[in-house]
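[1] Quick one, fold the following:
(chains A and B)
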Amino acid sequence: MLTTIKPLEMKDQPQLSRIRNFCIIAHIDHGKSTLADRFLEITGAVTKREFREQHLDAMDLERERGITIKAHAVTTTFRAADGTEYLLNLIDTPGHVDFTYEVSRSLAACEGALLLVDATQGVEAQTIANVYLAIANDLTIIPVINKVDLASADIEGVKQQIKDTLGLDIETTHYISAKDGRGVPEVLEALVEIIPPPKGDVDQELKALIFDSWFDSYQGAIVLIRVLDGEIVPGMKIQMMSNKRVFEVGEVGIFNPKRTKTKRLGTGEVGYLCAGMKDLADTKIGDTITDASRPALEPLPGYQEVRPVVFCGLYTIDNAKFEDLRDSLEKLQLNDSSFVYEPETSLALGFGFRCGFLGMLHMEIIRERLEREYNLDLISTAPTVIYRVYTTKNEVLNIDNPANLPDPSMIEKMEEPYIKATIITPERFVGNIFQLCQDRRGMQQGLQYLDPTRVMLTYELPLNEMVLDFYDRLKSRTQGYASLDYELTEYRQAKLVKLDLLLNGENVDALSVITHTDKAEQRGRVLAEKMKELIPRQMFEVAIQAAIGNRVIARETVGALKKNVTAKCYGGDISRKRKLWAKQKEGKKRMKQLGRVEIPQEAFLAILKTDSE
Amino acid sequence: MKNQKARLLERLQLNQDAHDLGLYVHIPFCKKRCHFCAFYLTIHQEGRVQAFLSALAKEVSFYSSQARCHGFPLSSIYFGGGTPTSLRSEQLVEIIRCIQQHFSLSSSLEMTVEADPETVDLGSLQVLYDAGVNRLSFGVQSLEESEWKRLGRSGAMSKVEQAIKMAKDTGFLNISIDMMYGLPGQTLRSWQCSLEQAIALFPTHISCYALTIEEGTRFYREQERGILNPNDWDLETAMQDETINCLRDAGYRQYEVSNFAYDGFECQHNLRYWSGLDFLGLGPSAQSYVAKARFGNVADLSSYSDAFDNQEWPLDSIDFLSTRESVREHAIFGLRMNQGVPIHVLRPLEFDRMWQLTVDRLINSGLLIQDHNYLKATTKGQQFMDEISLQLMS
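    Down below sits the predicted model:
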């Protein structure tokens, strides 16, 4: 029987030497949450009875997708074999490519990291990217190979990959099964032995790093911090170093894993603070908190303003729900400052919002949360990146909406953002990936064998080729085996045009996309064909045209419905018909009326697909 | 459901706003199931008939004791199915006698029996005629031999002409025949032939239905397996146009989407369905609309029969309509009739903004038209009745 730990009401600052701050770097499904659960169980932070599987992934959506979107931090105590009791802070990191900056700030709050690799899968692209981030942050890394109990485990091969690909010392590698708990206590022992305690000076000016925050309807922002120097106590005046705003600390504490108040957060510690902050600008990830009466001279390094890179328009199918969408976006943004939105109007769709996201997954998550948690039926326009447009009048415009692209005669040149993508795949799919990246205007930068069967490819790709369905295609062409990581690199000049879609001669602005000249025709053809499939027959003919400027490049026609009448309609038919119509009425609610043409929601999803696969 | 039934019973016990009633009797027996038929029926077995007849008698008695149902004499009685004439004519007469004992009948009562040409003879027709049946509706569907066979019908097509002649000889004046287009293998030409032959039989009434392939039918299964091609809309539209023209030239007036008659021979019972008037359905699977409630019997012969033995009410659906809903439905189904819906009926929807906007939009699209004091469908509108209905429902 496990026991809960005593509430950490420490009167004194625990000795720095007894604190360990660490995180777990792992690919999706490699067992991070399971391992974290075992830690909490072994250290007694959670009793078996109150155990909710996978404690760190709080949101349902995270649970379902098996990824951690928001970082969390859990504090627990561990009595090592030598009899010393240690304070462990496990800082969870967001597990997706779109959140690289957030990951880097979480890592900056740690001294060490466990590199968790699935013995049956091997090292994946994101793992590599995050290990590099950890190395850049000077973290001590302990390799841990998970799922060694499975028959398909290739322990030696994975160990070799860790050595060859990541250049890590594999002397300290641990072999575990997070599922049944074998090897896990030994990892805890190693952790306190190998990962260094935090450095820092309690007498120095306060420096605390913000690595996560969310909103509580009563207390305003709850901010997760790591104290590097000095200490924070309730009642003290603190200052945000990015915008110089001052707040009074109301409460500090830790999650063990329940939220628990403490008297202070001292040097080297990890916990939360509430200071009545209502504005997202005051809780920026990576910002430094200091003592307002004795401010630090320099903020902590590494702070960046987070800028969205992918944009789309979001509209409710039912225009009357516009205000609901606004309210929902407002509420969502409170807990996710990384996405932005502002009102926009589309001729086709009415009132909506242009929203900016950190990446494609981020966009999907927000959209799904809006639909699920706020019960909205949404239409999104095609995702787009920010294009730099140099006009003939020597202006530079940042265009995040195809509708705002100036007339071609006004454009001197255009630039688009590029990324460096790292893809790891079983060797047998390399050909498929070559093909995919070539289709997407990619340029190969490197090809490296991680072991005889797995290859790491690096590519330079235009971001606009990736925001559509690159990830889905990559997965489908590699039977789900490939993993991907990317980073933004630079803007490059490109020949780009706006591709419009017209229905019965009217431009549907919400379906316009900016695309490379060489691909415009094919894209237009596919789009027109897809629309033909998706737009149901109406009482009149619907002409579908794809056009670049005045030049029509593809044309399709949806023939008119000839008739639509139930021939026989007596007593029993009436009963059946009214039930059927009631059902169809619900279906109609998911159609959008564009002029006279009714378009199903799926038609708007079609622009997210690039080819006819 | 229990509460719903109590609520419905309460309504039926009041005679407030009572209207005259049309009675539908579902005879759930056929010799054989046709390939297009989705109605509830069982294959005729004499052993099953007695239980049905005794349950039906109890149902007649039950409703006749409700104040709402016996305030007025019955305006119409309609025997449908299944095949009513799969029963012996004496059995049908037994039902008629039972109804006569419990309900008063209007002097202008229309009493229809649906008949299969295969299952009638001079003797049985005479029995029905004598019992007060004054309208026969023959299921014919097609007068082309190959199409007839493809429908899975029993009997020979040659019987059709004979049956109609016998009916006339017996003294039946009002005879209707049902025809179908859009059948497998049917061409525009063969449909024209069928129509011409039907007209040559001089019925007073002709119904022409486009084949609808419904779940549970053999045609549906064939379509699923790819043996049967789905409807060819262009061809069906052409057949529909041909029907309207051909029957008009022969003196039949279209009075509803699928119904044509010599003036004065419109089916009074069926008109009730589209005019928002009350009708009571008896027998398994039969549907009713009384006192702004739509309710229906369970579609299972033994559950239906057993219910009455156990003092139960074999309903499996009850829907209470608000005034607006009932007016809305009256309008939706009323627009199926060529004359349309009298404007005054729509008064309760006068301040329903959505309704008005939808009606205006449909008028502007050329699907509806306001003509004197009626709202009605245009010729184009008649082809899009389901779409119009759907829009008016929302």
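[2] is it true that residue A:454 touches residue A:425?
    Yes. Under the criterion of CB atoms under 8 Å, residue A:454 makes contact with residue A:425 at 7.1 Å. Every C-beta, even on glycine, is put in place using the N, C-alpha and C of the backbone.
[3] between these two, which one's more packed in?
    In this view residue A:454 and residue A:425 are compared by other CB atoms under 10 Å in any protein chain shown, and residue A:425 has more residues nearby, 25 against 21.
[4] okay, the more buried one: pLDDT?
    Note on residue A:425: pLDDT of 92.
[5] check contacts around it.
    Counting by CB atoms under 8 Å, 6 or more residues apart in numbering or on different chains, residue A:425 touches A:433, A:454, A:455, A:457, A:478, A:481, A:482, A:483.
[6] Surely the fourth one forms part of a strand?
    Yes. Counting by DSSP: H, G, I helix; E, B strand; the rest coil, residue A:457 falls inside a strand.
[7] quick one, phi psi at the residue nearest to residue A:411 when sequence neighbours are not counted?
    Spatial nearest neighbour of residue A:411, chain neighbours left out: residue A:389 (5.8 Å); criterion: CB to CB, 6 or more residues apart in numbering or on different chains. Here is the backbone geometry of residue A:389 (degrees, to the nearest 10): phi -110, psi 120.
[8] Look up how far residue A:498 lies from residue A:389.
    According to CB to CB, to the nearest Å, residue A:389 and residue A:498 sit 11 Å apart.
[9] Filter the contacts of residue A:425 down to the ones in strands?
    Those of the contacts of residue A:425 mapping onto strands are A:454, A:455, A:457, A:483, per DSSP state E.
[10] ok, so of the residues you listed, who is nearest chain B?
    Nearest to chain B among the ones in strands among the contacts of residue A:425: residue A:483, at 41.8 Å, using CB to the nearest CB.
[11] What segments of the stretch 1-150 of chain B are helices?
    Assignment of helices within the stretch 1-150 of chain B using DSSP state H, counting those that start in this stretch yields the ranges B:2-13, B:46-64, B:67-70, B:89-102, B:122-130, B:145-150.
[12] could I get the contacts of residue A:425 as TSV with pLDDT?
    Below are the contacts of residue A:425 laid out as TSV (pLDDT from 0 to 100):
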residue	pLDDT
A:433	96
A:454	88
A:455	93
A:457	96
A:478	91
A:481	85
A:482	89
A:483	87
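[13] Of the residues you listed, just say which sits nearest to residue B:150.
    Nearest to residue B:150 out of the contacts of residue A:425 is residue A:478 (CB to CB; 51.1 Å).
[14] and the gap between the spatially closest residue to that closest one that is not a sequence neighbour and residue A:477?
    Excluding its sequence neighbours, the residue lying closest to residue A:478 (CB to CB, 6+ apart) is residue A:429, at 4.1 Å. Between residue A:429 and residue A:477 the computed distance is 6 Å (CB to CB).
[15] what touches both of the two?
    Joint contacts of residue A:429 and residue A:477 (CB under 8 Å, 6+ apart) do not exist.
[16] Name the stretch among the helices of the stretch 1-150 of chain B that sits most buried.
    helix B:67-70 (a mean of 19; mean count of other CB atoms under 10 Å in any protein chain shown).
[17] which strands and helices sit next to it?
    Judged by 3 or more CB pairs under 8 Å, 6 or more residues apart in numbering or on different chains; DSSP states H and E, helix B:67-70 is in contact with helix B:2-13.
[18] Any residue of the helix it packs on touching chain A?
    No. Helix B:2-13 is not in contact with chain A by CB under 8 Å from any CB of the partner chain; minimum separation 14.7 Å.
[19] Helices of chain A, start to end?
    For chain A, the helices defined by DSSP state H occupy A:32-42, A:60-65, A:100-108, A:125-136, A:155-166, A:184-194, A:322-335, A:360-373, A:430-439, A:463-466, A:470-477, A:517-534, A:571-588, A:601-606.
[20] among the helices and strands of chain A, which has the poorest mean pLDDT?
    Of all helical and strand segments in chain A, the minimum by mean pLDDT, DSSP states H and E falls on helix A:60-65, at a mean of 48.
[21] What ranges in the stretch 1-150 of chain A fall below the confidence cut-off?
    Within the stretch 1-150 of chain A, the stretches with pLDDT under 70 are A:1-14, A:46-71, A:95.
[22] Give me the residues contacting stretch A:513-533.
    By CB under 8 Å, 6+ apart, stretch A:513-533 touches A:382, A:384, A:387, A:399, A:402, A:405, A:441, A:462, A:464-465, A:494-499, A:501, A:503, A:511, A:544-548, A:553-558, A:603, A:606-607, A:609-612.
[23] any idea how far residue A:105 is from chain B?
    The gap separating residue A:105 from chain B is 50 Å, by CB to the nearest CB, to the nearest Å.
[24] For that residue, which residues are in contact?
    The neighbourhood of residue A:105, defined by CB under 8 Å, 6+ apart, consists of A:209, A:210, A:211, A:285, A:286, A:302.
[25] Please list only the buried members of those residues.
    With neighbours counted by 16 or more other CB atoms under 10 Å in any protein chain shown, the contacts of residue A:105 contain buried members at A:209, A:210, A:211, A:285, A:286.
[26] Nearest to chain B among those?
    Closest to chain B, out of all of the buried ones among the contacts of residue A:105 and judged by CB to the nearest CB, is residue A:285, at 46.4 Å.
[27] The closest one contacts residue A:305, doesn't it?
    No. If you go by CB under 8 Å, residue A:285 and residue A:305 don't touch, sitting 10.2 Å apart.
[28] any common contacting residues for these two?
    Counting by CB under 8 Å, 6+ apart, residue A:285 and residue A:305 have no contacts in common.
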